[in-house]
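1. no letters, just coordinates:
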Ligand SMILES: Cc1cc2nc3c(=O)[nH]c(=O)nc-3n(C[C@H](O)[C@H](O)[C@H](O)COP(=O)(O)O)c2cc1C
């Protein structure tokens with residue numbers, strides 16, 4: 001059973017709502033997780049978990065959140081090598097391409113993406129919530 005570390009940023013609560021659904025799924029199958037806002041996460045703690053889940057809103061021109069998440073990625077580049085990761089996020093008025101870019105960055109860092117990202121436009125609807133709960137269950141066993 002994998003231990004899961006969740007790192008997220010949320011401006012207005014949409015990503016946080018998504019995180020809560022994933023957590024529900026993990027809990028449902030008896031999995032263990034720790035969640036952190038990216039502004040407060042301690043890298044040495046998070047990289048001890050079996051799977052790192054990261055979630056961000058689109059920010060700027062198809063990027064992940066700029067002030068905290070982008071530095072988190074750059075500062076921990078080496079630690080992603082060979083690490084199992086899962087990403088998801090929410091966007092507003094762009095095309096949601098930021099997740100594809102993020103995925104590419106992680107692949108370049110040598111991370112192992114354990115499943116396809118879940119992308120949500122704005123507030124997560126019932127379908128997205130269900131998909132996240134299911135993903136939470138899957139991640140525990142991945
Ligand atoms: C400062 C700021 C910048 C944003 N930049 C983008 C953007 O470049 N492209 C986009 O599609 N949405 C953008 N959005 C919209 C958010 O990504 C979208 O509302 C998302 O659902 C917010 O998630 P959150 O509630 O977890 O913060 C931006 C929102 C804010 C507040």
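-> Yep, that arrived. Because the structure is predicted, anything quoted here is derived from the model rather than measured.

2. next up, phi/psi of the most centrally placed residue in the chain, please.
-> Computing the C-alpha centroid of the chain and ranking residues by CA atoms, centre = their mean puts residue 54 first, at 2.1 Å. Main-chain torsions, residue 54, degrees, to the nearest 10: phi -130, psi 140.

3. and it, what does it touch?
-> Residues near residue 54 by CB atoms under 8 Å, 6 or more residues apart in numbering: 6-8, 38, 69, 85-87, 102. The C-beta positions use only the backbone N, C-alpha and C, and glycine is treated the same way.

4. check which residues of the helix-or-strand element of the chain with minimal mean pLDDT are buried.
-> Using mean pLDDT, DSSP states H and E, the weakest-scoring helix or strand in the chain turns out to be helix 43-46, at a mean of 92. Across helix 43-46, burial judged by 16 or more other CB atoms under 10 Å covers residue 46.

5. and if you look at stretch 113-127?
-> So stretch 113-127, judged by 16+ other CB under 10 Å, has buried residues 114, 117-120, 124.

6. quick one: contacts of it?
-> 14, 17-18, 21, 51, 84-92, 96, 99, 102-103, 106-107, 128, 131-132, 135, 138-139, 142.

7. what about the residue nearest to residue 76 when sequence neighbours are not counted, distance to residue 83?
-> Among residues not flanking residue 76 along the chain, residue 43 sits closest, at 5.3 Å (CB to CB, 6 or more residues apart in numbering). Computed as CB to CB, to the nearest Å, the residue 43 to residue 83 distance reads 12 Å.
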